[in-house]
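A.B. asks: Output the structure for:
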Amino acid sequence: MRRRGLGEWRFSVPRRSSRRCQRLRVKAVVRWLPVFAALVLATGFSAPTLRAQEQTLECAGAQITVGESFGRRGDVVSVAVRGESDCEVSGFIAAIGHDPAQVRFVAAEPGPFIADHAGPELLFRVTEHNEQGYAVVGAIFDFSIPLTVPPVIIGADTLLATLTYEILSSAAEGVVPLLNRTRTYGDTNLIANVFAGNRGEFSIDPVLVDGAVTVQADVLPPGGPFKRGDSNTDEAIDLSDALFILNFLFSGGDAPTCQKSADANDDGALDLSDPLSVLLFLFSGSEVLPAPFSACGVDETPDVLPCESFALCPL
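C.D. replies: Model prediction:
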């Protein structure tokens, strides 16, 4: 294959080649035309002589799944695209939609299985269309003539690619869907999320599973100084502190003025484990509670628990 000028592709067979070699090379080209056409159309190459394949094969067990990730505004998160197929495949293409007001697609890289299997012959293409709200990732294991990388069965939960997204500063808390769909995304060309198969010119139509990025609440500043474990601010850590936390959690009692002080095990949440940590400290000879414990101080492991005031530790 030789490329002559921008967007112009030519497939040539040397005149001295035998008829058998010519047939093999033509078969190799024909087998790849549908998926290469889709990859070309999706990633910006101009190839008007290639048309996307309208027919696909069904293969039991074929699936492409976009994973889930989470982070806060300004974070860059990774999302795994995994796949499997009981039929031999020679590549894949997937367009993944997102809300451009919430996240921005940054980059993608191939998974180790396909990178190791294809080696230097791997054609891996990625394009971002953040204004339209989608990105396209595709891989062809081998586009040489003749083909040297054989098709392969994809085992369960195989990492096909890792996508990277930035959570925008304007993003709202909640779930941002990552749509793993066959659709046009407002363009005239249909982008089919498929595997490149090993049967003539047809691709494999997998089950498609959406993913998501969950935008979490921002981490609050450490807040004012406090003493961990003294949840009722009576200048002592005793049984009344464990009872105070239990009353708040399960009986509608007053909330601690500094919830960090009631987070006895410093796991960033108020739950049953906190009064249990106080009781273990008091009656089982366990180690001291996490800092700040013996003296006033700020939280060394910032979390979302507020600390509006702690009377015993003035600012």
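
A.B. asks: now the longest strand belonging to the chain, how far from the centre of its chain.
C.D. replies: Of all segments of type strand in the chain, defined using DSSP state E, the longest is strand 152-167. Its chain's C-alpha centre and that of strand 152-167 lie 9 Å apart, by Cα atoms, centre = their mean, to the nearest Å.

A.B. asks: now for it, which elements pack on it?
C.D. replies: strand 76-89, strand 103-110, helix 112-118, strand 134-140, strand 211-215 (3 or more Cβ pairs under 8 Å, 6 or more residues apart in numbering; DSSP states H and E). Every C-beta, even on glycine, is put in place using the N, C-alpha and C of the backbone.

A.B. asks: list the buried ones in whatever helix or strand comes next after that strand?
C.D. replies: Next in sequence after strand 152-167, counting helices and strands by DSSP states H and E, comes strand 174-180. Within strand 174-180, the residues that count as buried by 16 or more other Cβ atoms under 10 Å are 176, 178, 179, 180.

A.B. asks: do the same with stretch 58-69
C.D. replies: 59, 62, 63, 64, 65, 66, 67, 69.

A.B. asks: go on, stretch 104-119?
C.D. replies: 104, 105, 108, 110, 111, 114, 115, 117, 118.

A.B. asks: mind checking the end-to-end distance for it?
C.D. replies: 30 Å (Cα to Cα, to the nearest Å).

A.B. asks: From the rest of the structure, what touches it?
C.D. replies: 76, 81, 96, 98, 122, 124, 126, 128, 130, 134-135, 137, 139, 141-142, 149, 152, 154, 158-166, 168 (Cβ atoms under 8 Å, 6 or more residues apart in numbering).

A.B. asks: If any of these are buried, put those into a ChimeraX selection.
C.D. replies: The following ChimeraX line selects those of these that are buried, judged by 16+ other Cβ under 10 Å:
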select :81,96,98,122,124,126,134,135,137,139,141,142,149,152,154,158,159,160,161,162,163,164,165,166,168
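
A.B. asks: Look at stretch 290-299 and report the distance between its end residues.
C.D. replies: 9 Å.

A.B. asks: got it, and stretch 62-78?
C.D. replies: Span of stretch 62-78 from end to end, Cα to Cα: 23 Å.

A.B. asks: so how far is that stretch from its chain's centroid?
C.D. replies: 2 Å.

A.B. asks: that older thread, dump the buried residues of stretch 104-119 to a markdown table, plus pLDDT and distance to residue 275.
C.D. replies: Below are the buried residues of stretch 104-119 laid out as a markdown table (pLDDT from 0 to 100; distance: Cβ to Cβ, whole Å):
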| residue | pLDDT | distance to residue 275 |
| --- | --- | --- |
| 104 | 98 | 43 |
| 105 | 98 | 45 |
| 108 | 97 | 46 |
| 110 | 97 | 49 |
| 111 | 96 | 45 |
| 114 | 93 | 51 |
| 115 | 94 | 50 |
| 117 | 94 | 54 |
| 118 | 93 | 56 |
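
A.B. asks: Farthest pair within these?
C.D. replies: Using Cβ to Cβ, the buried residues of stretch 104-119 reach their maximum pairwise distance at 104 and 117, which is 30.7 Å.

A.B. asks: So this protein: which segments form each domain?
C.D. replies: Split into domains by automatic domain parsing, the chain comes to 2-215, 221-315.

A.B. asks: per-stretch mean pLDDT over these, give me the minimum one.
C.D. replies: Among the domains of the chain, domain 2-215 has the lowest mean pLDDT, at a mean of 78.

A.B. asks: First-to-last residue distance for stretch 252-267?
C.D. replies: 22 Å.

A.B. asks: So for that stretch, what gets flagged as buried?
C.D. replies: For stretch 252-267, by 16+ other Cβ under 10 Å, it's 256, 257, 258, 259, 260, 261, 262, 263, 264, 265, 266.

A.B. asks: for the fourth one, what are its contacts?
C.D. replies: Under the criterion of Cβ under 8 Å, 6+ apart, the neighbours of residue 259 are 270, 305, 306, 307.
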